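Visitor: need a 3D model of the sequence below.
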Amino acid sequence: IESITQKVDLEKRTIELSWNYPEKNLYNFIIYKAKQGEEFRIYKTLKPAQLKVTDTNIFPGNIYLYRIKATYVSGVESELSKEIKVIF
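Guide: The predicted model follows:
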């Protein structure tokens, strides 16, 4: 997973992540989320054409961590992305 960007909107209380992934034959993307100090959990599963996600389940004063993984049609999975840290 490459070029992950984040946009924080305090007014709308959203965090938007977007990324590039040039590989073909994708089945889906799996987004993992955690609050700092907690375990990662699956947050969302997206179709392969969806290269962004908007998180609205967030609260001010927290630090959120995200990781993204791609799954191929063959069942093979990519490595997890680097951790994305968002201070909200």
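Visitor: find the nearest non-adjacent residue to Leu26, please.
Guide: Sequence neighbours aside, Pro48 is the residue nearest to Leu26 in space, at 3.6 Å (criterion: CB to CB, 6 or more residues apart in numbering). Yep, even glycine has a C-beta here, placed from its N, CA and C like the rest.
Visitor: any weak-confidence spans in this structure?
Guide: Under the criterion pLDDT under 70, no range of the chain is flagged.
Visitor: rerun at 90
Guide: The model of the chain has pLDDT under 90 over residues 1-3, 22-23.
Visitor: where do the strands sit along the chain?
Guide: Taking DSSP state E, the strands of the chain run over residues 2-9, 14-20, 26-35, 41-46, 52-55, 63-72, 84-87.
Visitor: and those strands as a markdown table, adding distance to Ser78 and mean neighbour count?
Guide: Output for the strands of the chain, formatted as a markdown table (distance: least, CB to CB, whole Å; neighbours: other CB atoms under 10 Å):
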| stretch | distance to Ser78 | mean neighbour count |
| --- | --- | --- |
| strand 2-9 | 11 | 12 |
| strand 14-20 | 12 | 16 |
| strand 26-35 | 9 | 18 |
| strand 41-46 | 14 | 13 |
| strand 52-55 | 16 | 16 |
| strand 63-72 | 4 | 18 |
| strand 84-87 | 15 | 15 |
